[in-house]
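Participant: Pasting a predicted model and its sequence here:
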Amino acid sequence: MGGALAEAWKWFGDNSNAMQALGALVSVVVVLVGWFFKSKPQSDQPGPNSGVSGTTIPGSGNNLVNHNAGNVTIQNGLTPEIIKSLGEAVTAPLERLTQEQKEIIHKQEKELGVGREAISSFLAIIREKDVPPEQWPSKLKEIAERHNALLQQLQALPKGSPEMVALKESAKKAIAEYRYDDADAVFDQLLALQGEETASVWASRAELAMTRLRYKDAAQYFVQAADALPPSREEQKNAFREQESGAWYQQGDEFGDNEALKKAIQLYSKLLELQPREGFPLEWAATHNNLGSALTRLGERENGTESLTSAVTAFREALQERTRERVPLDWAMTQNNLGNALQALGKRESDTEKLTAAVTAFREALKEWTRERVPLDWAMTQNNLGVVLQTLGERESGTKSLTAAVTAYLEALQERTRERVSLHWATTQNNLGNALQALGKRESDTEKLTAAVTAYREALQEYTWPIFAS
(Lines give C-alpha, C1' and ligand atoms only; values in the text may rest on other atoms or scores of the structure.)
Protein backbone atom coordinates (compact mmCIF):
# COMPACT_ATOMS: atom_id res chain seq x y z
CA MET A 1 0.00 0.00 0.00
CA GLY A 2 2.81 2.36 0.95
CA GLY A 3 4.61 1.61 -2.32
CA ALA A 4 1.51 2.36 -4.37
CA LEU A 5 1.08 5.70 -2.63
CA ALA A 6 4.72 6.55 -3.24
CA GLU A 7 4.36 5.76 -6.95
CA ALA A 8 1.21 7.85 -7.19
CA TRP A 9 2.89 10.79 -5.46
CA LYS A 10 5.90 10.51 -7.82
CA TRP A 11 3.53 10.53 -10.81
CA PHE A 12 1.87 13.72 -9.55
CA GLY A 13 5.30 15.27 -9.07
CA ASP A 14 6.28 14.48 -12.65
CA ASN A 15 3.07 15.92 -14.08
CA SER A 16 2.72 19.59 -13.23
CA ASN A 17 -0.87 19.86 -14.47
CA ALA A 18 -1.93 16.95 -12.31
CA MET A 19 -0.15 18.50 -9.33
CA GLN A 20 -1.97 21.80 -9.92
CA ALA A 21 -5.25 19.93 -10.12
CA LEU A 22 -4.48 18.16 -6.86
CA GLY A 23 -3.65 21.49 -5.25
CA ALA A 24 -6.89 22.97 -6.51
CA LEU A 25 -8.82 20.01 -5.15
CA VAL A 26 -7.22 20.40 -1.73
CA SER A 27 -8.03 24.12 -1.79
CA VAL A 28 -11.66 23.40 -2.63
CA VAL A 29 -11.90 20.86 0.19
CA VAL A 30 -10.43 23.37 2.65
CA VAL A 31 -12.85 26.08 1.48
CA LEU A 32 -15.80 23.68 1.71
CA VAL A 33 -14.81 22.61 5.22
CA GLY A 34 -14.44 26.25 6.15
CA TRP A 35 -17.80 27.07 4.60
CA PHE A 36 -19.47 24.22 6.51
CA PHE A 37 -18.20 25.49 9.86
CA LYS A 38 -18.31 29.15 8.96
CA SER A 39 -22.01 29.15 8.19
CA LYS A 40 -22.50 30.50 11.70
CA PRO A 41 -19.81 31.63 14.13
CA GLN A 42 -21.01 30.30 17.42
CA SER A 43 -21.53 32.44 20.42
CA ASP A 44 -23.03 30.83 23.45
CA GLN A 45 -26.74 31.27 23.22
CA PRO A 46 -29.23 32.43 25.83
CA GLY A 47 -30.00 29.87 28.46
CA PRO A 48 -30.76 29.50 32.13
CA ASN A 49 -28.12 31.00 34.30
CA SER A 50 -25.14 28.94 34.85
CA GLY A 51 -26.17 31.10 30.25
CA VAL A 52 -24.37 32.10 25.69
CA SER A 53 -23.43 28.91 27.93
CA GLY A 54 -24.01 26.77 31.97
CA THR A 55 -26.93 26.71 34.24
CA THR A 56 -27.48 28.23 37.68
CA ILE A 57 -30.13 26.11 39.29
CA PRO A 58 -33.10 28.24 40.35
CA GLY A 59 -33.76 27.71 44.02
CA SER A 60 -36.98 27.87 45.92
CA GLY A 61 -38.24 30.55 48.24
CA ASN A 62 -36.80 34.01 47.83
CA ASN A 63 -33.87 33.13 45.61
CA LEU A 64 -33.80 35.19 42.44
CA VAL A 65 -33.62 33.32 39.15
CA ASN A 66 -31.11 34.84 36.74
CA HIS A 67 -31.13 33.78 33.12
CA ASN A 68 -27.85 34.47 31.43
CA ALA A 69 -27.77 34.90 27.68
CA GLY A 70 -24.42 33.19 27.71
CA ASN A 71 -24.30 30.07 29.82
CA VAL A 72 -21.15 28.12 30.54
CA THR A 73 -21.80 24.42 30.65
CA ILE A 74 -19.70 22.77 33.31
CA GLN A 75 -18.78 19.37 31.92
CA ASN A 76 -16.27 18.16 34.53
CA GLY A 77 -14.11 16.74 31.76
CA LEU A 78 -17.00 14.67 30.38
CA THR A 79 -17.61 14.35 26.67
CA PRO A 80 -20.88 13.00 25.27
CA GLU A 81 -19.00 9.85 24.22
CA ILE A 82 -17.82 9.28 27.80
CA ILE A 83 -21.36 9.94 29.05
CA LYS A 84 -22.68 7.24 26.71
CA SER A 85 -20.00 4.86 27.94
CA LEU A 86 -20.91 5.84 31.51
CA GLY A 87 -24.54 4.99 30.79
CA GLU A 88 -23.54 1.48 29.76
CA ALA A 89 -21.16 1.10 32.69
CA VAL A 90 -23.62 2.06 35.45
CA THR A 91 -26.07 -0.66 34.37
CA ALA A 92 -23.50 -3.43 33.94
CA PRO A 93 -22.39 -5.83 36.69
CA LEU A 94 -19.32 -4.54 38.50
CA GLU A 95 -17.27 -7.60 37.62
CA ARG A 96 -17.68 -6.84 33.90
CA LEU A 97 -16.44 -3.26 34.09
CA THR A 98 -13.05 -2.28 32.77
CA GLN A 99 -10.69 -0.37 35.01
CA GLU A 100 -11.31 2.74 32.92
CA GLN A 101 -15.08 2.46 33.37
CA LYS A 102 -14.66 1.99 37.11
CA GLU A 103 -12.50 5.12 37.27
CA ILE A 104 -15.06 7.15 35.28
CA ILE A 105 -17.87 6.06 37.59
CA HIS A 106 -15.85 6.77 40.74
CA LYS A 107 -14.90 10.23 39.48
CA GLN A 108 -18.50 11.15 38.68
CA GLU A 109 -19.80 9.81 42.00
CA LYS A 110 -17.31 12.07 43.75
CA GLU A 111 -17.94 15.18 41.63
CA LEU A 112 -21.74 14.88 41.47
CA GLY A 113 -22.13 13.83 45.10
CA VAL A 114 -24.29 10.81 44.22
CA GLY A 115 -23.85 7.07 43.72
CA ARG A 116 -23.85 4.74 40.74
CA GLU A 117 -27.59 4.09 40.93
CA ALA A 118 -28.25 7.83 40.90
CA ILE A 119 -26.20 8.37 37.75
CA SER A 120 -28.15 5.58 36.03
CA SER A 121 -31.45 7.22 37.06
CA PHE A 122 -30.34 10.66 35.92
CA LEU A 123 -29.25 9.33 32.53
CA ALA A 124 -32.67 7.68 32.18
CA ILE A 125 -34.28 11.13 32.61
CA ILE A 126 -31.98 12.59 29.97
CA ARG A 127 -32.90 9.85 27.51
CA GLU A 128 -36.62 10.09 28.29
CA LYS A 129 -36.64 13.79 27.44
CA ASP A 130 -34.54 13.30 24.25
CA VAL A 131 -31.89 15.74 25.41
CA PRO A 132 -29.35 16.27 22.59
CA PRO A 133 -26.11 14.35 23.31
CA GLU A 134 -24.01 17.50 23.34
CA GLN A 135 -26.08 18.75 26.31
CA TRP A 136 -25.82 15.55 28.35
CA PRO A 137 -22.83 16.63 30.47
CA SER A 138 -24.47 19.85 31.68
CA LYS A 139 -27.85 18.20 32.19
CA LEU A 140 -26.34 15.38 34.24
CA LYS A 141 -24.80 17.94 36.57
CA GLU A 142 -28.00 20.02 36.74
CA ILE A 143 -30.18 17.02 37.59
CA ALA A 144 -27.75 15.90 40.30
CA GLU A 145 -27.76 19.38 41.86
CA ARG A 146 -31.55 19.57 41.79
CA HIS A 147 -31.89 16.10 43.30
CA ASN A 148 -29.57 16.95 46.21
CA ALA A 149 -31.25 20.33 46.76
CA LEU A 150 -34.68 18.69 46.82
CA LEU A 151 -33.62 16.30 49.57
CA GLN A 152 -32.42 19.26 51.63
CA GLN A 153 -35.66 21.13 50.96
CA LEU A 154 -37.74 18.18 52.18
CA GLN A 155 -35.63 17.98 55.32
CA ALA A 156 -36.50 21.62 56.08
CA LEU A 157 -40.27 21.21 55.68
CA PRO A 158 -42.34 21.81 58.85
CA LYS A 159 -43.22 18.56 60.63
CA GLY A 160 -47.00 18.86 61.04
CA SER A 161 -49.20 15.98 62.15
CA PRO A 162 -47.86 12.44 62.68
CA GLU A 163 -49.51 11.35 59.44
CA MET A 164 -47.86 14.21 57.56
CA VAL A 165 -44.48 13.47 59.12
CA ALA A 166 -44.75 9.84 57.99
CA LEU A 167 -45.68 10.85 54.46
CA LYS A 168 -42.83 13.33 54.24
CA GLU A 169 -40.39 10.64 55.31
CA SER A 170 -41.89 8.37 52.69
CA ALA A 171 -41.46 11.01 50.00
CA LYS A 172 -37.91 11.68 51.08
CA LYS A 173 -37.06 7.97 51.05
CA ALA A 174 -38.55 7.54 47.58
CA ILE A 175 -36.54 10.47 46.20
CA ALA A 176 -33.36 9.27 47.90
CA GLU A 177 -33.89 5.92 46.17
CA TYR A 178 -34.66 7.62 42.81
CA ARG A 179 -38.26 6.30 42.81
CA TYR A 180 -39.61 9.57 41.48
CA ASP A 181 -43.04 8.24 40.44
CA ASP A 182 -43.57 6.92 43.96
CA ALA A 183 -42.50 10.28 45.41
CA ASP A 184 -44.99 12.08 43.19
CA ALA A 185 -47.76 9.80 44.42
CA VAL A 186 -46.81 10.59 48.04
CA PHE A 187 -47.02 14.31 47.26
CA ASP A 188 -50.61 13.67 46.13
CA GLN A 189 -51.37 12.16 49.53
CA LEU A 190 -49.72 15.07 51.34
CA LEU A 191 -51.71 17.60 49.36
CA ALA A 192 -54.95 15.80 50.19
CA LEU A 193 -54.33 16.63 53.87
CA GLN A 194 -54.60 20.38 53.12
CA GLY A 195 -52.41 21.52 56.01
CA GLU A 196 -50.51 24.73 56.58
CA GLU A 197 -47.60 23.29 54.62
CA THR A 198 -49.59 22.94 51.39
CA ALA A 199 -47.59 25.64 49.59
CA SER A 200 -44.30 24.04 50.59
CA VAL A 201 -45.49 20.64 49.38
CA TRP A 202 -46.52 22.09 46.02
CA ALA A 203 -43.12 23.78 45.78
CA SER A 204 -41.32 20.50 46.54
CA ARG A 205 -43.43 18.72 43.95
CA ALA A 206 -42.49 21.45 41.45
CA GLU A 207 -38.81 20.96 42.23
CA LEU A 208 -39.21 17.23 41.64
CA ALA A 209 -40.71 17.98 38.23
CA MET A 210 -37.81 20.33 37.47
CA THR A 211 -35.39 17.54 38.43
CA ARG A 212 -37.13 15.32 35.88
CA LEU A 213 -37.01 18.09 33.23
CA ARG A 214 -40.81 18.21 33.23
CA TYR A 215 -40.98 21.96 33.08
CA LYS A 216 -44.64 22.35 32.12
CA ASP A 217 -45.71 20.31 35.14
CA ALA A 218 -43.34 22.29 37.35
CA ALA A 219 -44.81 25.59 36.16
CA GLN A 220 -48.31 24.45 37.11
CA TYR A 221 -47.15 23.29 40.55
CA PHE A 222 -45.46 26.63 41.24
CA VAL A 223 -48.81 28.31 40.44
CA GLN A 224 -50.48 26.06 43.02
CA ALA A 225 -47.77 26.90 45.55
CA ALA A 226 -48.37 30.63 45.09
CA ASP A 227 -52.17 30.24 45.25
CA ALA A 228 -51.91 28.27 48.49
CA LEU A 229 -50.35 31.22 50.31
CA PRO A 230 -52.43 33.99 51.96
CA PRO A 231 -52.33 37.56 50.56
CA SER A 232 -50.13 38.60 53.50
CA ARG A 233 -47.24 36.55 52.05
CA GLU A 234 -47.07 38.40 48.77
CA GLU A 235 -43.26 38.35 48.65
CA GLN A 236 -43.19 34.55 48.81
CA LYS A 237 -46.02 34.34 46.26
CA ASN A 238 -43.93 36.43 43.86
CA ALA A 239 -40.95 34.14 44.42
CA PHE A 240 -43.05 31.18 43.27
CA ARG A 241 -44.31 33.21 40.31
CA GLU A 242 -40.71 33.92 39.38
CA GLN A 243 -40.01 30.19 39.46
CA GLU A 244 -43.10 29.50 37.37
CA SER A 245 -41.75 31.95 34.80
CA GLY A 246 -38.35 30.26 34.93
CA ALA A 247 -39.91 26.85 34.29
CA TRP A 248 -41.67 28.15 31.18
CA TYR A 249 -38.42 29.76 30.09
CA GLN A 250 -36.54 26.45 30.35
CA GLN A 251 -39.32 24.64 28.50
CA GLY A 252 -39.03 27.16 25.68
CA ASP A 253 -35.27 27.37 25.70
CA GLU A 254 -34.46 23.66 25.86
CA PHE A 255 -37.27 22.16 23.81
CA GLY A 256 -37.74 24.78 21.08
CA ASP A 257 -41.16 25.70 22.45
CA ASN A 258 -41.84 29.27 21.37
CA GLU A 259 -45.27 29.33 22.99
CA ALA A 260 -43.59 28.55 26.32
CA LEU A 261 -41.19 31.46 25.76
CA LYS A 262 -44.13 33.74 25.06
CA LYS A 263 -45.74 32.53 28.29
CA ALA A 264 -42.53 33.31 30.19
CA ILE A 265 -42.39 36.79 28.64
CA GLN A 266 -46.00 37.43 29.66
CA LEU A 267 -45.33 36.29 33.23
CA TYR A 268 -42.12 38.31 33.61
CA SER A 269 -43.99 41.40 32.38
CA LYS A 270 -46.69 40.79 34.99
CA LEU A 271 -44.05 40.40 37.72
CA LEU A 272 -42.70 43.84 36.88
CA GLU A 273 -46.08 45.24 37.84
CA LEU A 274 -46.18 43.22 41.08
CA GLN A 275 -42.60 44.17 42.04
CA PRO A 276 -42.13 47.83 41.01
CA ARG A 277 -38.71 49.41 40.93
CA GLU A 278 -39.46 51.73 43.84
CA GLY A 279 -40.10 48.99 46.37
CA PHE A 280 -38.07 46.08 44.94
CA PRO A 281 -35.17 47.52 42.93
CA LEU A 282 -33.02 44.39 42.68
CA GLU A 283 -35.97 42.04 42.10
CA TRP A 284 -37.22 44.44 39.41
CA ALA A 285 -33.78 44.42 37.79
CA ALA A 286 -33.51 40.60 37.95
CA THR A 287 -36.91 40.25 36.30
CA HIS A 288 -35.90 42.66 33.54
CA ASN A 289 -32.77 40.57 32.99
CA ASN A 290 -34.83 37.38 32.75
CA LEU A 291 -37.38 39.05 30.50
CA GLY A 292 -34.53 40.15 28.23
CA SER A 293 -33.17 36.59 28.03
CA ALA A 294 -36.55 35.17 27.03
CA LEU A 295 -37.02 37.91 24.44
CA THR A 296 -33.53 37.28 23.05
CA ARG A 297 -34.17 33.57 22.63
CA LEU A 298 -37.54 34.19 20.98
CA GLY A 299 -36.09 36.95 18.80
CA GLU A 300 -33.36 34.67 17.50
CA ARG A 301 -36.02 32.26 16.27
CA GLU A 302 -38.23 34.90 14.64
CA ASN A 303 -37.63 36.80 11.43
CA GLY A 304 -38.29 40.35 12.62
CA THR A 305 -36.55 42.56 15.14
CA GLU A 306 -39.33 43.41 17.62
CA SER A 307 -38.36 40.85 20.27
CA LEU A 308 -34.63 41.56 19.98
CA THR A 309 -35.24 45.29 20.26
CA SER A 310 -37.37 44.71 23.35
CA ALA A 311 -34.62 42.50 24.79
CA VAL A 312 -32.06 45.30 24.46
CA THR A 313 -34.47 47.66 26.23
CA ALA A 314 -35.06 45.14 29.04
CA PHE A 315 -31.34 44.62 29.69
CA ARG A 316 -30.71 48.36 29.74
CA GLU A 317 -33.55 48.77 32.22
CA ALA A 318 -31.99 46.09 34.44
CA LEU A 319 -28.67 47.92 34.41
CA GLN A 320 -30.25 50.97 36.00
CA GLU A 321 -30.39 49.06 39.30
CA ARG A 322 -27.88 46.30 38.61
CA THR A 323 -24.96 48.69 38.85
CA ARG A 324 -21.32 47.69 38.95
CA GLU A 325 -20.92 49.23 42.40
CA ARG A 326 -23.92 47.45 43.93
CA VAL A 327 -23.85 43.93 42.36
CA PRO A 328 -20.72 43.64 40.20
CA LEU A 329 -21.18 40.04 39.04
CA ASP A 330 -24.87 40.47 38.19
CA TRP A 331 -23.95 43.70 36.39
CA ALA A 332 -21.41 41.77 34.34
CA MET A 333 -23.95 39.05 33.55
CA THR A 334 -26.45 41.58 32.27
CA GLN A 335 -23.77 43.36 30.24
CA ASN A 336 -22.97 40.02 28.61
CA ASN A 337 -26.65 39.41 27.92
CA LEU A 338 -26.99 42.90 26.46
CA GLY A 339 -24.03 42.17 24.20
CA ASN A 340 -25.70 39.01 22.90
CA ALA A 341 -28.96 40.82 22.14
CA LEU A 342 -27.17 43.71 20.42
CA GLN A 343 -25.09 41.28 18.40
CA ALA A 344 -28.16 39.36 17.16
CA LEU A 345 -29.98 42.61 16.39
CA GLY A 346 -26.97 44.17 14.69
CA LYS A 347 -26.48 41.15 12.43
CA ARG A 348 -30.15 41.05 11.48
CA GLU A 349 -30.29 44.77 10.68
CA SER A 350 -26.74 44.93 9.24
CA ASP A 351 -26.21 47.72 11.76
CA THR A 352 -22.54 48.37 12.51
CA GLU A 353 -23.44 50.74 15.32
CA LYS A 354 -25.28 48.01 17.23
CA LEU A 355 -22.45 45.54 16.65
CA THR A 356 -19.99 48.10 18.02
CA ALA A 357 -22.26 48.58 21.05
CA ALA A 358 -22.17 44.79 21.55
CA VAL A 359 -18.36 44.91 21.64
CA THR A 360 -18.56 47.62 24.30
CA ALA A 361 -21.02 45.56 26.38
CA PHE A 362 -18.83 42.44 26.29
CA ARG A 363 -15.75 44.46 27.26
CA GLU A 364 -17.69 45.97 30.14
CA ALA A 365 -18.66 42.49 31.34
CA LEU A 366 -15.01 41.43 31.31
CA LYS A 367 -14.21 44.14 33.86
CA GLU A 368 -15.92 42.09 36.58
CA TRP A 369 -16.10 38.65 35.00
CA THR A 370 -12.34 38.35 35.28
CA ARG A 371 -10.31 35.23 34.62
CA GLU A 372 -9.27 35.03 38.26
CA ARG A 373 -12.77 35.41 39.65
CA VAL A 374 -14.98 33.43 37.22
CA PRO A 375 -12.71 31.74 34.67
CA LEU A 376 -15.41 30.02 32.60
CA ASP A 377 -17.68 33.07 32.46
CA TRP A 378 -14.61 35.09 31.44
CA ALA A 379 -13.85 32.58 28.69
CA MET A 380 -17.47 32.54 27.52
CA THR A 381 -17.49 36.32 27.21
CA GLN A 382 -14.16 36.29 25.38
CA ASN A 383 -15.72 33.86 22.91
CA ASN A 384 -18.77 36.09 22.50
CA LEU A 385 -16.56 39.12 22.03
CA GLY A 386 -14.64 37.24 19.35
CA VAL A 387 -17.85 36.43 17.47
CA VAL A 388 -19.04 40.02 17.27
CA LEU A 389 -15.55 41.30 16.38
CA GLN A 390 -15.41 38.74 13.61
CA THR A 391 -18.82 39.85 12.32
CA LEU A 392 -17.60 43.45 12.29
CA GLY A 393 -14.31 42.46 10.68
CA GLU A 394 -16.00 40.66 7.81
CA ARG A 395 -17.90 43.87 7.00
CA GLU A 396 -14.87 46.15 7.22
CA SER A 397 -12.04 46.58 4.74
CA GLY A 398 -9.16 46.42 7.23
CA THR A 399 -7.96 43.69 9.56
CA LYS A 400 -8.17 45.32 13.00
CA SER A 401 -11.42 43.66 14.10
CA LEU A 402 -10.51 40.26 12.69
CA THR A 403 -7.15 40.36 14.44
CA ALA A 404 -8.89 41.29 17.70
CA ALA A 405 -11.33 38.40 17.18
CA VAL A 406 -8.46 35.93 16.87
CA THR A 407 -6.97 37.33 20.08
CA ALA A 408 -10.30 36.97 21.92
CA TYR A 409 -10.70 33.34 20.85
CA LEU A 410 -7.15 32.51 21.89
CA GLU A 411 -7.85 34.10 25.26
CA ALA A 412 -11.02 32.05 25.67
CA LEU A 413 -9.13 28.83 24.94
CA GLN A 414 -6.89 29.42 27.96
CA GLU A 415 -9.80 28.42 30.18
CA ARG A 416 -12.05 26.65 27.69
CA THR A 417 -9.83 23.60 27.60
CA ARG A 418 -10.75 20.29 26.03
CA GLU A 419 -10.40 18.51 29.38
CA ARG A 420 -12.70 20.93 31.16
CA VAL A 421 -15.49 21.82 28.68
CA SER A 422 -14.89 19.72 25.60
CA LEU A 423 -17.71 20.92 23.35
CA HIS A 424 -17.24 24.59 24.19
CA TRP A 425 -13.54 24.11 23.49
CA ALA A 426 -14.51 22.72 20.08
CA THR A 427 -16.89 25.63 19.47
CA THR A 428 -14.17 28.18 20.15
CA GLN A 429 -11.66 26.24 18.03
CA ASN A 430 -14.21 26.33 15.21
CA ASN A 431 -14.74 30.07 15.70
CA LEU A 432 -10.98 30.61 15.74
CA GLY A 433 -10.75 28.75 12.44
CA ASN A 434 -13.41 31.04 10.94
CA ALA A 435 -11.58 34.18 12.04
CA LEU A 436 -8.17 32.93 10.88
CA GLN A 437 -9.61 31.92 7.52
CA ALA A 438 -11.18 35.35 6.99
CA LEU A 439 -7.99 37.10 8.11
CA GLY A 440 -5.74 34.85 6.04
CA LYS A 441 -7.79 35.43 2.88
CA ARG A 442 -7.79 39.19 3.40
CA GLU A 443 -4.04 39.31 3.99
CA SER A 444 -3.21 36.54 1.50
CA ASP A 445 -1.40 34.93 4.43
CA THR A 446 -0.80 31.21 3.98
CA GLU A 447 0.38 30.87 7.57
CA LYS A 448 -2.96 32.05 8.94
CA LEU A 449 -4.89 29.82 6.53
CA THR A 450 -2.81 26.88 7.69
CA ALA A 451 -3.55 27.82 11.30
CA ALA A 452 -7.27 27.87 10.39
CA VAL A 453 -7.00 24.30 9.12
CA THR A 454 -5.35 23.31 12.40
CA ALA A 455 -8.16 24.93 14.41
CA TYR A 456 -10.85 23.16 12.38
CA ARG A 457 -9.06 19.84 12.86
CA GLU A 458 -8.93 20.45 16.59
CA ALA A 459 -12.68 21.15 16.63
CA LEU A 460 -13.34 17.92 14.75
CA GLN A 461 -11.83 15.95 17.62
CA GLU A 462 -15.01 16.72 19.57
CA TYR A 463 -17.41 17.63 16.75
CA THR A 464 -17.76 13.97 15.86
CA TRP A 465 -20.40 12.65 13.46
CA PRO A 466 -22.21 10.30 15.90
CA ILE A 467 -22.91 13.24 18.24
CA PHE A 468 -24.14 15.77 15.73
CA ALA A 469 -25.98 13.29 13.54
CA SER A 470 -28.01 11.81 16.40
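Facilitator: All right, it came through fine. All values reported here derive from a predicted model rather than from experimental measurement.
Participant: which residues does the closest residue to residue 439 other than its chain neighbours contact?
Facilitator: Closest residue in space to residue 439, ignoring its immediate chain neighbours: residue 402 at 4.3 Å, by C-beta to C-beta, 6 or more residues apart in numbering. The way it works is simple: take the backbone N, C-alpha and C, and place the C-beta from them, glycine included. The contact partners of residue 402, taken as C-beta atoms under 8 Å, 6 or more residues apart in numbering, are 389, 390, 393, 394, 435, 438, 439, 442.
Participant: Run a quick neighbour tally on residue 372.
Facilitator: Burial measure for residue 372: 6 neighbouring residues, criterion other C-beta atoms under 10 Å.
Participant: is it true that residue 335 touches residue 362?
Facilitator: Yes - using C-beta atoms under 8 Å, residue 335 and residue 362 qualify as a contacting pair, with a distance of 7.3 Å.
Participant: These two - which one has more neighbours?
Facilitator: Each of residue 335 and residue 362 has its neighbours counted (other C-beta under 10 Å); residue 362 has more, 31 against 25.
Participant: per-residue confidence at the more buried one?
Facilitator: If you check residue 362, the pLDDT there is 98.
Participant: Within the helices and strands, which one has it?
Facilitator: Assigning secondary structure by DSSP states H and E places residue 362 in helix 352-368.
Participant: After that helix, which helix or strand is next?
Facilitator: helix 375-395.
Participant: Tell me which residues of that following helix come out buried.
Facilitator: For helix 375-395, the neighbour count (16 or more other C-beta atoms under 10 Å) marks 375-394 as buried.
Participant: same check, this time on stretch 357-365
Facilitator: Neighbour-count burial for stretch 357-365 [16+ other C-beta under 10 Å]: 357, 358, 359, 361, 362, 364, 365.
Participant: Okay, and the closest residue to residue 240 other than its chain neighbours sits in which element?
Facilitator: Once flanking residues are discounted, residue 240 sits nearest to residue 226: 4.0 Å by C-beta to C-beta, 6+ apart. In the assignment (DSSP H and E), residue 226 maps to helix 215-227.
Participant: avg pLDDT for that helix?
Facilitator: Average pLDDT, helix 215-227: 98.
Participant: Check the offset of it from the chain's centre.
Facilitator: 23 Å (C-alpha atoms, centre = their mean, to the nearest Å).
Participant: still on that earlier bit, which residues make contact with the helix holding residue 362 from outside it?
Facilitator: Contact with helix 352-368 is made by 324, 328-329, 331-333, 335-336, 338-340, 342-343, 345-347, 378, 381-382, 384-385, 388-389, 391-392, 395, as judged by C-beta under 8 Å, 6+ apart.
Participant: Hmm, residue 415 is touching residue 378, no?
Facilitator: Yes - the criterion here is C-beta under 8 Å, and residue 415 meets it with residue 378 at 6.5 Å.
Participant: what do the two both touch?
Facilitator: residue 371.
Participant: if we can go back for a sec, in terms of distance to residue 261, which of the contacts of residue 402 ranks first?
Facilitator: Ranked by distance to residue 261 (C-beta to C-beta), those are led by residue 390 at 27.5 Å.
Participant: Nearest spatial neighbour of the closest one, chain-adjacent residues omitted?
Facilitator: Closest residue to residue 390 apart from its sequence neighbours, by C-beta to C-beta, 6+ apart: residue 405 at 4.0 Å.
Participant: And residue 249, by the same measure?
Facilitator: residue 264 (4.2 Å).
Participant: ok, that neighbour - contacts?
Facilitator: So residue 264 contacts 245, 246, 248, 249, 252, 290, 294 (C-beta under 8 Å, 6+ apart).
Participant: ok, of these, which one's closest to residue 281?
Facilitator: Comparing every one of the contacts of residue 264 with residue 281 (C-beta to C-beta), the shortest separation belongs to residue 290, at 15.3 Å.
Participant: Quick one: work out the angle between the helix or strand following the helix holding residue 226 and helix 215-227.
Facilitator: Later in the chain than helix 215-227, the nearest helix or strand by DSSP H and E is helix 234-255. Per axes from the mean of the first three to the mean of the last three C-alpha atoms, to 10 degrees, the angle that helix 234-255 makes with helix 215-227 is 170 degrees.
Participant: where does the stretch 251-400 of the chain dip in pLDDT?
Facilitator: Regions of the stretch 251-400 of the chain meeting the criterion pLDDT under 70 are absent.
Participant: how about the strands in this protein?
Facilitator: Per DSSP state E, the chain carries strands over the ranges 47-48, 67-68.
Participant: ranking the ones you listed by mean pLDDT, which is last?
Facilitator: Note on those: lowest mean pLDDT is at strand 47-48, with a mean of 41.
Participant: What is the neighbour count of residue 252?
Facilitator: Residues near residue 252, counting by other C-beta under 10 Å: 23.
Participant: got it, and residue 340?
Facilitator: Residues near residue 340, counting by other C-beta under 10 Å: 34.
Participant: Tell me how far residue 339 lies from residue 314.
Facilitator: 14 Å (C-beta to C-beta, to the nearest Å).
Participant: my bad, residue 183
Facilitator: Applying C-beta to C-beta to residue 183 and residue 314 gives a distance of 37 Å.
Participant: Not counting sequence-adjacent ones, nearest residue to residue 216?
Facilitator: Closest to residue 216 by C-beta to C-beta, 6+ apart is residue 251, at 5.8 Å.
Participant: Who are the contact partners of that neighbour?
Facilitator: Residues in contact with residue 251 (C-beta under 8 Å, 6+ apart) are 215, 216, 219, 257, 260.
Participant: any idea of the pLDDT on residue 34?
Facilitator: 44.
Participant: Counting neighbours, what do you get for the residue lying closest to residue 355 once chain neighbours are set aside?
Facilitator: Leaving out its chain neighbours, the residue that sits closest to residue 355 by C-beta to C-beta, 6+ apart is residue 346, at 3.8 Å. Counted with other C-beta under 10 Å, the neighbours of residue 346 add up to 24.
Participant: which residues does residue 346 contact?
Facilitator: Neighbours of residue 346 in contact, by C-beta under 8 Å, 6+ apart: 352, 353, 354, 355, 357, 358, 388, 391.
Participant: any idea which of the residues you listed is closest to residue 409?
Facilitator: Within these, proximity to residue 409 (C-beta to C-beta) peaks at residue 388, which comes in at 11.9 Å.
Participant: I'd say the closest one and residue 339 touch.
Facilitator: Yes - the pair residue 388 / residue 339 is scored as a contact, 7.0 Å apart, by C-beta under 8 Å.
Participant: Please list all residues in contact with residue 224.
Facilitator: Per C-beta under 8 Å, 6+ apart, neighbours of residue 224: residue 202.
Participant: Return the distance of it relative to residue 356.
Facilitator: 47 Å.
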